[in-house]
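Colleague: can't give you the sequence, but here's the structure:
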């Protein structure tokens, strides 16, 4: 039997005017939003499998252990204007490292993510939370 919980991914400082979205298993953007200067959050439903691993339509895997979620940015999130054609990125958020004691049915677990790299453009590739994952609900 699988149980459901929510992972809240909050981008602390997104690049205003860019499109952000979750990316499903077929690499399609889901829940596209246009960023402002305010933090931007996505609630991602996931399942907790009997073996303790996370699954669901947004959880991808590499090898036997690594599980992650992609956040799509600009072109990857369907933005088709000149900016979207110039910036097309994904942020890979590891979820296999979430402490097991946080993984409870019905829980809402949040990670706050940096929105920008050192160059001021959207953070991409593997993006680590600013603080440890925490239960917020």
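Modeller: Thanks, I have the structure now. All values derive from a computational prediction rather than experimental measurement. Residues are numbered from 1 along each chain as shown.
Colleague: residues touching residue 21, list them.
Modeller: Residues in contact with residue 21 (C-beta atoms under 8 Å, 6 or more residues apart in numbering) are 29-33, 42, 71-72, 76-78. No exception for glycine: its C-beta is placed from N, CA and C like everyone else's.
Colleague: going by neighbour count, which of those comes out on top?
Modeller: Highest neighbour count within these, by other C-beta atoms under 10 Å: residue 71, with 29 neighbours.
Colleague: any idea how far that residue lies from residue 12?
Modeller: From residue 71 across to residue 12, the span is 13 Å (C-beta to C-beta, to the nearest Å).
Colleague: what's the neighbour count on residue 59?
Modeller: Residue 59: 21 surrounding residues under other C-beta under 10 Å.
Colleague: which pLDDT value goes with it?
Modeller: Looking at residue 59, its pLDDT is 97.
Colleague: how about residue 2?
Modeller: For residue 2, the pLDDT comes out at 69.
Colleague: ok so, going back, show me the contacts of residue 21 that map onto strands.
Modeller: Mapping these onto strands (DSSP state E) picks out 29-33, 42, 71-72.
Colleague: one step back: so what sits against both of residue 71 and residue 12?
Modeller: Going by C-beta under 8 Å, 6+ apart, residues that sit against residue 71 and also against residue 12 are residue 113.
Colleague: ok, residues contacting stretch 71-90?
Modeller: With C-beta under 8 Å, 6+ apart as the test, stretch 71-90 has contacts from 9, 11, 15, 17-23, 29, 32, 42, 70, 91, 93, 113, 121-122, 124, 127.
Colleague: recalculate using a threshold of 10 Å.
Modeller: When contacts are defined by C-beta atoms under 10 Å, 6 or more residues apart in numbering, stretch 71-90 is touched by residues 9, 11, 14-15, 17-24, 27-35, 40, 42, 44, 58, 70, 91-93, 113, 115, 117, 121-125, 127.
Colleague: related to what we said a few turns ago, between the ones in strands among the contacts of residue 21, which is closest to residue 109?
Modeller: The shortest approach to residue 109 among the ones in strands among the contacts of residue 21 belongs to residue 42, at 12.8 Å (C-beta to C-beta).
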